[in-house]
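Student: How does the following fold in three dimensions:
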Amino acid sequence: MYIYDKANELASLIKESDEFTKYKQLKDKIYEDETTKSLVKEYKKLQFEAQASYMTGKQPENELIEKLKKVGEVLQFNNDVSEYFAAEYKLNTLIGDIYKILGDACDVSLDFMD
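Tutor: Residues are numbered from 1 along each chain as shown. Next up is the predicted model:
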């Protein structure tokens, strides 16, 4: 179980990192407002749907792209949301880097991340 102990230790370190604490602080702040929370969730849902289309080799429908643009335009005027998305990106980069380090150490191909 030593490996799992180290994994839990790493998880604790990530939770204590500047990237995570900033992300969590901003997420909590923007989720206080139900309208903002709803718009952010809708935006992420639409993003996921568009990415899923691309991953299956299809072009997302125009209606989906238009909805994504409109929600994105509304959200871009909220500085807290912009900061939240930037913090989320930094956290995801940190986690992706850790995943790559682990993959390289185990000689697991992560070509899809390049």
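
Student: just for this protein, where's the confidence low?
Tutor: The chain contains residues with pLDDT under 70 at 109-114.

Student: how about 50 then?
Tutor: For the chain, no stretch has pLDDT under 50.

Student: Just the buried residues of stretch 46-57, please?
Tutor: L46, A50 (16 or more other Cβ atoms under 10 Å). C-beta: built from backbone N, CA, C; applies to glycine.

Student: Mind listing residues that contact that stretch?
Tutor: Q59, P60, E61, L64, I65, K67, L68, V71 (Cβ atoms under 8 Å, 6 or more residues apart in numbering).

Student: Report the buried members of these.
Tutor: K67, L68, V71.

Student: May I ask you to confirm that the last one is in contact with E42?
Tutor: Yes. The pair V71 and E42 passes the contact test of Cβ atoms under 8 Å, sitting 5.6 Å apart.

Student: Ramachandran angles for the closest residue to K27 other than its chain neighbours?
Tutor: In this structure, K27 finds its nearest non-sequential neighbour in Y84, 6.1 Å apart by Cβ to Cβ, 6 or more residues apart in numbering. Dihedral angles of Y84 (phi, psi; degrees, to the nearest 10) stand at phi -60, psi -50.

Student: all helices in this protein, in order from the N-terminus.
Tutor: 2-16, 18-30, 34-55, 62-76, 79-105 (DSSP state H).

Student: The third one vs helix 18-30, what angle?
Tutor: Here the directions of helix 34-55 and helix 18-30 differ by 120 degrees (axes from the mean of the first three to the mean of the last three Cα atoms, to 10 degrees).

Student: How far off centre is helix 34-55?
Tutor: 11 Å (Cα atoms, centre = their mean, to the nearest Å).
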